[in-house]
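Engineer: Curious how this folds, go ahead:
(3 chains)
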Amino acid sequence: MTTLTLTPPAPVRWWNDRLALSLGLLVLVILVGLLAPLLAPHDPNATNLMSRMAPPVWMEGGSWTHPLGTDQIGRDLLSRTFYGIRTSFSIAAFGLIFSAVLGITIGVLSGLIGGWCDRILMMFVDVFIALPNLLLILCGIAVLGTQTWVLVVMIGLVRWEAYARLVRGQVLVVRELGYVEASRVLGAGRRWIIMRHVLPNLASPLIVILTLSFPGVLLMESGLSFLGVGVQPPTSSLGRMIGDGRNYLINAWWIAGIPSLAVVIITLLFQVAGDALRDRLDEVNHD
Amino acid sequence: MIELQTRPVAQPDTFSRPARPAAEIMRVSNLGVRFATKSGIVEVVRDASFTLHAGETLALVGESGSGKSTLARALNGQICPPFTPVRGEVTGRAEVLLDRGALDLVRADSATMRKVRAHDIAMISQDALSGLNPVLSIAWQMTEALRVAEPRLPKAEALARAAALLADVELPDPAGALRRFPHQFSGGQRQRIMIAMALARRPRVLIADEPTTALDATVQSQVLRLLKRLQRQHGMAVIFITHDLVVVSRIADRVAIMYAGEIVELTDVARFRRAPRHPYTAGLLASRPGYGGSYPPLTGYAPSIRALPVGCAFRSRCPRAEAACALPVASAEAGRDSLRCWRPL
Amino acid sequence: MSVGRGDGEANAIRLKNVSVTYSAGLLARRQTRALDDVSLEIPRGRITGIVGESGSGKSTLSRVLLGLQRPASGSVTVLGEDPYGLSSGAWKAHRRKVQAVFQDSGASLNPRLTIGASVREGLDVHRIGAPTGRARRAAMLLGQVGLDEDYLERVPLTLSGGQRQRVNIARALAVEPEVLIADEPVSALDLSVQAQVLQLICRLQKDLGLTVLFISHDLSVVKAICDRIVVMRRGQVVEQGPTRRVLEAPQHPYTMQLGSDLLELPA
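Structural biologist: Below you'll find the model as predicted:
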């Protein structure tokens, strides 16, 4: 017997919407970083030897003076985490922007001009991929020093080849599309075609890959700071804080644990947002 | 919901002895296909009814979006394929009358449908390349097709039968062809191989979904001639889906014209050509390049299947439309023919 | 204007011994001849059909004429100019005079642009008129191809194939071309829509005095609208002449075969 049971799918509510939820929380995290000077209850670098290794408020001996406790020299962990987010986030963001600009430029040039230009640029990319990233960064820092801009440039140099490849591939695809051909037949020049047709088409895959690679860049910064070659003390970055706290894991886990948790949450939010973004953009493109 | 049947195939209430003339092979009545989409429920096929006799070719003719391919897929049990998120549902009845009894394709469970597809109903599609696996040899794919119908067929015999089938579809050098791979054949040759694979099951009904649309004119007429000969030899009934009226006039015995999900006219091919009764059919014929008659060709576009008007869906484009056409129109049947129109010609 | 193009010139397009080769294959680079020593003349102000099966070189021919595929040898003259021997300024001016409509109506429109933006692209590229005037002209062009102003703000996804092909025609006409190359413009469309688009092309050809090159694999379509036809096979022109003559008294065996496959419904 056939009975009619088909019902249309229910509309998606915002709290069920991965994209809205993860982007909303990310905006919150970014606001915390931006407003760190206003939000932090203490000076992040002020030491207080009287209250060293104070536990978070929910543990025995914790107090509301230091809601997330203090580190081994009595600095307030909540304030340091806020500032750490600020530092790590900005280094990662500038590093990502640097690598994206580099990668997109090289990819567009390579894909659009083609021929010898393409071959040389892609050979360069291949060589870069073959180099071990960490070694490259360590060499760079050893030669140029540990200033923040060096860190940004070095982190930026790590991922650009992936963007260059993606962009070049997309340009090659778009270049052959019917509407680019039609535009060429209309008499449009190269610049017109890039600005009007190629770059707008790159936007959605680029947004997705940049979102998805942000956590990697953030972890790279944290890793370098953890190793002691990244952000220099007394500036707090999430990686630096984890590195500082690793000797006290047994007695005071929160010193390393709280910045670690921040890294995990931010990484997760970016992954979820990137994933949801890809699904959403695919949907738009293939409806 | 489509009731799942877990009972064995030969249960008496699933099969009943055919009480109809032996020539009838399929009887479809009030078949509907609906899909759930974000913007609501879409009825892609509505109230389709027709009968099909053995050895007969029924052409399903319509423009893109008219529901002709969906109707064919419903008959082949492919509306809700496993592992896809599409939610669809088939209503009505589609009985296929086999030697072992009558079976309602709408109510058949997936195991029964697999058996039906292995023995009774074969389907070939427009895109012959996507129907063949590019990394497997033709021999592999042909013997697989043979073993679906006869799992215990010995390998040597399967290969011999495969070669015979390829010879039957007039593929040059059948033995050599078995060793080759799909990309080594032209489009027309690949379509011949697809036909051979469909014939491997000795089906009672062949559903051909635009099998010649992607082919060049010369190759197209060769493949049509081949299909016609094979149909006569094997006594198959063929449901031939196409939008090409020239193809219809060459291959079909009966024609079902579909518009916006409904069969608007069902008749035999001679009547379709000479005296169409539905204004859409007449307009379609008048739209051919080089048409010399006086009936006006079609203007405008078909309505979106998501926003169908009440009443006749064709009335906004119909030169004969009047106020009554806004009323829901039922299918009027006369013998095996049917017509869905308030103002027929 | 360059030399040799008087207004009395009867031919819009002249090809002399044009060959195009592609190399293909992974290791052994095989040379494929897409066009093999093609010579032909296309008269002004007429519809000329180019007929052939897939792989006959008819689409390569259109790319050669549009300046998108440089021939390996031979000379190409379109409206008295060689598209491959022009300076970039002259090239841009030449482009205005030769326009095209392609088979895939959907792929020919950027899905991110509104219909209005697509139609006026040529006006923007060549800076024809003031920006406000361009918007008005886009609306007028849409009217000319039978679409009303509401379409200006819509995106290609919401249009049917036939409507999109009308938009493509409007975009091509925006720059006021003399030659329109239509590469299988109706093969992807439904029959009823095909008839409408064909009628539109014929009407525009007459109204604007266009030279139309109509490329198709469908002999019945070509027979219905073309004054002359050129039959191509395997990169070569096997026969050309007035449509009636070629179809009623074909000289080449291939044309005879094509004609015999041209089946029509009995009236």
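Engineer: switch to C-alpha atoms for all contacts and neighbour counts from now on
Structural biologist: OK.
Engineer: Pull the longest helix seen in chain B out as PDB, backbone CA atoms only.
Structural biologist: When chain B is parsed with DSSP state H, its longest helix is helix B:217-234. Extracted in PDB, the C-alpha atoms of helix B:217-234 (Å, rounded to 0.1, in the frame of the first residue of the first chain):
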ATOM      1  CA  ALA B 217      23.500  11.700 -37.500                       C
ATOM      2  CA  THR B 218      25.000   8.900 -39.600                       C
ATOM      3  CA  VAL B 219      25.900   6.800 -36.500                       C
ATOM      4  CA  GLN B 220      22.600   7.600 -35.000                       C
ATOM      5  CA  SER B 221      20.600   6.100 -37.800                       C
ATOM      6  CA  GLN B 222      22.900   3.000 -37.700                       C
ATOM      7  CA  VAL B 223      22.200   2.500 -34.000                       C
ATOM      8  CA  LEU B 224      18.400   3.000 -34.500                       C
ATOM      9  CA  ARG B 225      18.400   0.400 -37.300                       C
ATOM     10  CA  LEU B 226      20.200  -2.000 -35.000                       C
ATOM     11  CA  LEU B 227      17.800  -1.400 -32.100                       C
ATOM     12  CA  LYS B 228      14.900  -2.000 -34.400                       C
ATOM     13  CA  ARG B 229      16.300  -5.300 -35.700                       C
ATOM     14  CA  LEU B 230      17.200  -6.600 -32.300                       C
ATOM     15  CA  GLN B 231      13.800  -5.700 -31.000                       C
ATOM     16  CA  ARG B 232      12.200  -7.800 -33.700                       C
ATOM     17  CA  GLN B 233      14.600 -10.700 -33.200                       C
ATOM     18  CA  HIS B 234      14.100 -10.800 -29.400                       C
END
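Engineer: I'd like to know which elements that helix is packed against.
Structural biologist: Contact here means 3 or more CA pairs under 8 Å, 6 or more residues apart in numbering or on different chains; DSSP states H and E; on that basis helix B:217-234 packs against helix B:187-199, helix B:245-251, helix C:253-261.
Engineer: taking those helices together, which one is wrapped up most tightly?
Structural biologist: helix B:187-199 (a mean of 24; mean count of other CA atoms under 10 Å in any protein chain shown).
Engineer: Now find how far off-centre the next helix or strand after that one is within its chain.
Structural biologist: Later in the chain than helix B:187-199, the nearest helix or strand by DSSP states H and E is strand B:205-209. On the basis of CA atoms, centre = their mean, to the nearest Å, strand B:205-209 sits 5 Å off its chain's mean C-alpha point.
Engineer: what sits against the closest residue to C:Val193 other than its chain neighbours?
Structural biologist: Nearest in space to C:Val193, with sequence neighbours left out and distances taken as CA to CA, 6 or more residues apart in numbering or on different chains, is C:Gly162 at 5.8 Å. By CA atoms under 8 Å, 6 or more residues apart in numbering or on different chains, the residues touching C:Gly162 are C:105, C:189, C:193-194, C:197.
Engineer: for A:Val167, same thing?
Structural biologist: A:103-104, A:107-108, A:111, A:202 are the contacts of A:Val167 under CA under 8 Å, 6+ apart.
Engineer: can you tell me which residue is nearest the centre of chain C?
Structural biologist: Nearest to the mean C-alpha position of chain C, by CA atoms, centre = their mean, lies C:Ile181 at 1.6 Å.
Engineer: go on, chain A?
Structural biologist: A:Phe214 (2.0 Å).
Engineer: What residues sit buried inside the strand or helix carrying that residue?
Structural biologist: Using DSSP H and E, A:Phe214 falls within helix A:199-227. Of all the residues in helix A:199-227, those buried under the rule 16 or more other CA atoms under 10 Å in any protein chain shown are A:199, A:201-202, A:204-206, A:208-226.
Engineer: Could you do stretch B:274-283 as well?
Structural biologist: Quick answer for stretch B:274-283 (16+ other CA under 10 Å): B:276-283.
Engineer: Now for the residues you listed: which two are most distant?
Structural biologist: Within the buried residues of stretch B:274-283, B:Arg277 and B:Gly283 form the most distant pair, 10.5 Å apart (CA to CA).
Engineer: Distance of A:Leu96 relative to A:Phe226?
Structural biologist: Note on A:Leu96: its distance to A:Phe226, by CA to CA, to the nearest Å, is 20 Å.
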